[in-house]
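> turn this into a structure:
(one chain, ligands or ions: 2)
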Amino acid sequence: MRESLNPLDSTFANDAKHQRPACEPENESGMLVERLNNSEADRCYEREKVLAWLDKNIPEKRLQHVLRVEEMAVKLALHHKLDAERAAQAGLMHDLAKCFQPKRLLQLASANGLEIDPVFAANPHLLHADVGAIVAKAEFGIHDVSVLEAIANHTLGSPGMSALSCVVFLADTLEPGRGDTPDLQTLREICWHDLHRAVWLTSEYTLKYLFESRHLIHPRALMTRNWAMQMAIAPRQTP
Ligand SMILES: [Fe+2]
Ligand SMILES: [Fe+2]
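Ligands and ions are numbered 1, 2, ... in the order given. From the prediction side, this is the model:
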C-alpha cells in the first residue's frame, strides 16, 4: 500500500535536488579535465581537505546541507550495518559539482565518457551527481567504486544501486534541513526500516513534484522508482 504524500508540501527539497541552485560564480581555477589522467590521484581521503575545497566552491548554505547529508548518511549506514566511513565520504562529497556551470558539467561529462542524452542536454544540472564522482576521483583520489557510485547516484538513483547508494540518495532528500512536513516525516521513518521502500516512496515524492511543476524528468529517476518498488514489494509476493 502506498503512503499518501503531498509533493507540494516541501518544494524546497525537490527544487534543490533536481534543479540548479542560485550558487555563487564557480571557481574556474584548476583544469580538472587535465588532472583526470594524473596517476598521482592515489591520495588518501582527507576530510579537512574536502571541507576546504567545499568552502571555496559552494555557498555556506549548501555546505550546511552537505554536512547534514554526511551526518544522516552515517547514521543510516550504522543502522543498516553498512560501512559508515564510506557513507561519510559519499555524503561529504555528493554535491562537489552542485555549483558548476552547465558548460563545465557538459564538458566534464563528455570528457569522461558519460552519455549526454536529450534530458541531460536540456538540463545539464542533472549531471552534477555523475560529475561529482569524477571530481571526487580527480581532486581527492577517491577510487572506491561504492563511494563513487553513491555520489553519482544521489540525484537520479540507478536501478540495482547498492545499499550505500540508497543511503546517500535518501539522506540527500530527507536530511533535516529539507523541512519538516508530514510527508518528509513519514519518509524519514520508513528509511530506518526498509531502504528499498524508502527509495521507492522518496522517488515518487520527487517525481510528483516534477510532474506538478512541469519540469523535465530524467528516465533514470523513473527507472529507479520502478526498481525500488519491485525490490520493496517482491519479497511480500513470495509464498
Ligand atoms: Fe545534489
Ligand atoms: Fe545534495
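> how close does the spatially most central residue of the chain sit to ligand 2?
The residue lying closest to the centre of the chain (CA atoms, centre = their mean) is H154, at 1.9 Å. H154 sits 6 Å away from ligand 2, going by CB to the ion, to the nearest Å. For glycine as for every other residue, the C-beta is placed from the backbone atoms N, C-alpha and C.
> just M72 next, same as before
11 Å.
> list the contacts for the residue lying closest to that residue once chain neighbours are set aside?
Among residues not flanking M72 along the chain, A171 sits closest, at 4.0 Å (CB to CB, 6 or more residues apart in numbering). Residues near A171 by CB atoms under 8 Å, 6 or more residues apart in numbering: R68, V69, E70, M72, A73, L76, G91.
> give me the element A171 is part of.
A171 belongs to helix 163-174 when assigned by DSSP states H and E.
> from the chain's centroid, how far away is that helix?
7 Å (CA atoms, centre = their mean, to the nearest Å).
> counting by contacts, list what the helix or strand following it packs against.
Next in sequence after helix 163-174, counting helices and strands by DSSP H and E, comes helix 182-193. Contacts defined by 3 or more CB pairs under 8 Å, 6 or more residues apart in numbering; DSSP states H and E place helix 182-193 against helix 60-79, helix 163-174, helix 195-212.
> okay, those helices, which one's buried deepest?
For the helices and strands packed on helix 182-193, the largest average neighbour count (mean count of other CB atoms under 10 Å) is found in helix 163-174, namely a mean of 26.
> got the angle between it and helix 195-212?
If you take axes from the mean of the first three to the mean of the last three CA atoms, to 10 degrees, helix 163-174 sits at 40 degrees to helix 195-212.
> does ligand 2 have contacts with helix 163-174?
Yes - on the criterion CB under 5 Å from the ion, helix 163-174 is in touch with ligand 2 at D172.
> who in the protein is up against ligand 2?
Counting by CB under 5 Å from the ion, the chain sits next to ligand 2 at D95, D172.
> low-confidence stretches in the chain?
Counting by pLDDT under 70, the chain shows low-confidence ranges at 1-17, 19-45, 235-239.
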